[in-house]
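mind folding the following:
(2 chains)
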Number of protein chains: 2
Amino acid sequence: LNIHDLPTPCLVVDRAVFDTNVAVMSEARPGLSLRPHVKAWKSTAIAAILARRGHTGFCAATPREVDGMAKAGLGDDLLLANEVIGDAAERLGRVGRDGAARVTLAVDSEATVLAAAAAGIREVLVDVDVGSFRCGCPPDDAGRLADLCRARGLHVRGVMGSEGPGRREMGEDKAEKVERAMAVLLEAHDRVGGDVISGGGTGTFDSNRWVTELQAGSFALMDRDYARLGGPFRPALHVLATIVSSNPAGGWAVANAGLKAIATDHGQPGVDGAHVLYVADEHTVFSPDASAATGAVEVGDRVRLLPGHIDPTVALHERMHVLDGDEVVDVWPVDLRGW
Amino acid sequence: LNIHDLPTPCLVVDRAVFDTNVAVMSEARPGLSLRPHVKAWKSTAIAAILARRGHTGFCAATPREVDGMAKAGLGDDLLLANEVIGDAAERLGRVGRDGAARVTLAVDSEATVLAAAAAGIREVLVDVDVGSFRCGCPPDDAGRLADLCRARGLHVRGVMGSEGPGRREMGEDKAEKVERAMAVLLEAHDRVGGDVISGGGTGTFDSNRWVTELQAGSFALMDRDYARLGGPFRPALHVLATIVSSNPAGGWAVANAGLKAIATDHGQPGVDGAHVLYVADEHTVFSPDASAATGAVEVGDRVRLLPGHIDPTVALHERMHVLDGDEVVDVWPVDLRGW
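Okay, here's the model as predicted:
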């Protein structure tokens, strides 16, 4: 099968770029010092490739991701790096009991601790607010929560904390911001105990030397927003689209991939030799640069769109087509979608 | 089943509001003068409800939508209101032959006309650019394209034209803009012939008196962006989420529905009694208003998020839960996703 035979819109992965990205990260963060985040690609096929390189501990953002990883035999050490309560906690308790998987939950409040204990969860990390304006307990409260966990029979493996917004920032003060956030996390860790300090991400893979395990997922496929930061990882994933309409007088062309095929929350898609005007439900409308080597855009031409944000883009598709040059050599199902 | 038993995030539809929206539209645009657009809700369950009210002609944006409608026995008159070429055209040709469905394609270029003819498509509409900055042939070219269609054995049913951006506008000049766009479409129609003048949408349901059939879908479920225009249709669909983390000192709370559950391309979700700070992959972070009657937000509470844009939000989910008050009375599969 050749790339020109693929129905569009669809996801295509350049396998050579993907392999290089994985090799670079694997060398920087070998074995369990990397905890790949499945939310970035929602595919047990990619998780299995990482596991074969020794990265057998994963983190996830949803119960379905944890459940799917356990069912795929990738349940050695699954961290739900997110808070859950009620039915969702109970479901994760069942995965831990029935699925022959090791399941660890993040907790950041009395309510989430009690839900974990009631659900038969055995292990937790205390999630600490280190300035991400999202989840995480106040740092002062981490010790008390850890005590509550232990009183409820939960094993506290350590702490986690997301530097959050800082991770996708550039700027000169990025290193300082990360260091300040991690100082808060280490202080909380002193009060909590345990072996694990979990956090960080692709944007801090070489600068965050405080975490014992890096929660990174984007590095494998990358996106336009992360690529702007520089660094060694290159975009491996594009949305392949077909030009279905062209307006040479107006100076624009229309590709058949829109909001339902590519996420725009971190900015418009990138198109080589063109600039994107806007994205509608099933269309990306772009203006080819006059100087572009690609020349005129004709109806029927194929075009590659580079997503602004990888995670929500992949979640829009059922599969990724893996390319060696123009040859389709594999299909990776996006089998961890939904909740 | 009660709303409190639903796993979150999930879509919930208030059936009474939906029914009122449908009744209002049905009265304004009875029978075939409404051509409901399935792209807004991608569900044959909703299409079947509209068909039972006499709206048996539908339009769609993707081959899968057309295929799925035909397979569900809703193929009386299916318009792909979008351009296709190559494999996608061939697939639609097969639906028309094998599926006992009547399939009409939009065409706006020689390439799309030739693709339709080669695929065994029998009927087309000439799609005219009336100022939407997207698809559609130049108005001057519509007659020539219609002749080309007929020379290739295609039956030309008429024209279509999208007022595009104007449809979601408010402003005093909206009516004028719509009238100007429709004047262009009528002129093109004079050169093309046929019975059909197709166009418009929810935002022009009562003002566009030139089209013979209105292409509207959003009216049934609505969204925050359309609701801001006023008019008789009310939001019937929300994303139901659970508060998983709360930071009373910081003044924010975190709901477990993010970019993978709710589209943000037409603005942030709405939360009653609160304002949304930002939306991340699996989280919506919001700040409850001090004066809100809801009072403190507790972990475990449920919250309803009103999507900014209905079409890409529904496409993120596998089903909608239909409510009568707090009782779940039905499930509508979102069975037309993908391409």
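
C-alpha from now on. contacts and neighbour counts both.
Fine.

which other residues reach the host helix or strand of A:Met320?
Assigning secondary structure by DSSP states H and E places A:Met320 in strand A:319-324. Strand A:319-324 is contacted by residues A:3, A:10-16, A:328-335 when judged by CA atoms under 8 Å, 6 or more residues apart in numbering or on different chains.

cool, stretch A:274-284 as well?
With CA under 8 Å, 6+ apart as the test, stretch A:274-284 has contacts from A:254-261, A:268-270, A:285-289, A:292, B:61, B:311-312.

run the last query once more with 7 Å
The contact list for stretch A:274-284, computed with CA atoms under 7 Å, 6 or more residues apart in numbering or on different chains, reads A:254-260, A:268-270, A:285-289, B:312.

what about A:Ser207, how many neighbours?
13 (other CA atoms under 10 Å in any protein chain shown).

confirm it sits in a strand?
No. Secondary structure of A:Ser207 (DSSP: H, G, I helix; E, B strand; the rest coil): coil, not part of a strand.

could you pull up phi and psi at it?
The phi and psi values for A:Ser207, taken as degrees, to the nearest 10, are phi -110, psi -20.

same question for A:Asp77.
Dihedral pair for A:Asp77: phi -160, psi 90, per degrees, to the nearest 10.

what pLDDT is listed against it?
Among the per-residue scores, A:Asp77 holds a pLDDT of 98.

quick check: it vs A:Ala101, distance?
Computed with CA to CA, to the nearest Å, the distance linking A:Asp77 and A:Ala101 is 7 Å.

can you check A:Gly194 too?
Taken as CA to CA, the span from A:Gly194 to A:Ala101 is 20 Å.

same question, A:Val297
Between A:Val297 and A:Ala101 the distance is 51 Å, computed by CA to CA.

A:Val196 too?
Taking CA to CA as the measure, A:Val196 falls 18 Å from A:Ala101.

picking up where we left off before, so for A:Gly194 and A:Ala101, which residue has more residues nearby?
For A:Gly194 versus A:Ala101, neighbours defined as other CA under 10 Å are more numerous around A:Ala101 (21 against 15).

middle-most residue in chain A, spatially?
The centroid of chain A falls nearest to A:Ala40 when counting by CA atoms, centre = their mean (2.3 Å).

helix or strand for the nearest residue to it once chain neighbours are set aside, just tell me which one.
Distance criterion CA to CA, 6 or more residues apart in numbering or on different chains; nearest residue to A:Ala40, sequence neighbours excluded, is A:Asp311 at 4.3 Å. For A:Asp311, the host element (DSSP H and E) is helix A:310-314.

buried ones in that helix?
A:Ile310, A:Asp311, A:Pro312, A:Thr313, A:Val314 (16 or more other CA atoms under 10 Å in any protein chain shown).

what's that helix in contact with?
A:39-41, A:218, A:222-223, A:261-263, A:307, B:259-260, B:281.

nearest to B:Glu27 among these?
Nearest to B:Glu27 among the contacts of helix A:310-314: A:Ala261, at 34.7 Å, using CA to CA.

separation between the closest one and A:Arg319?
Distance from A:Ala261 to A:Arg319, by CA to CA: 12 Å.

again, but for A:Gly153
For A:Gly153, the distance to A:Arg319 (CA to CA) stands at 41 Å.

give me the more crowded residue out of those two.
Per other CA under 10 Å, whichever of A:Gly153 and A:Arg319 has more neighbours is A:Arg319, with 18 against 14.

ignoring the adjacent residues along the chain, who's closest to the more buried one?
Sequence neighbours aside, A:Pro333 is the residue nearest to A:Arg319 in space, at 4.2 Å (criterion: CA to CA, 6+ apart).
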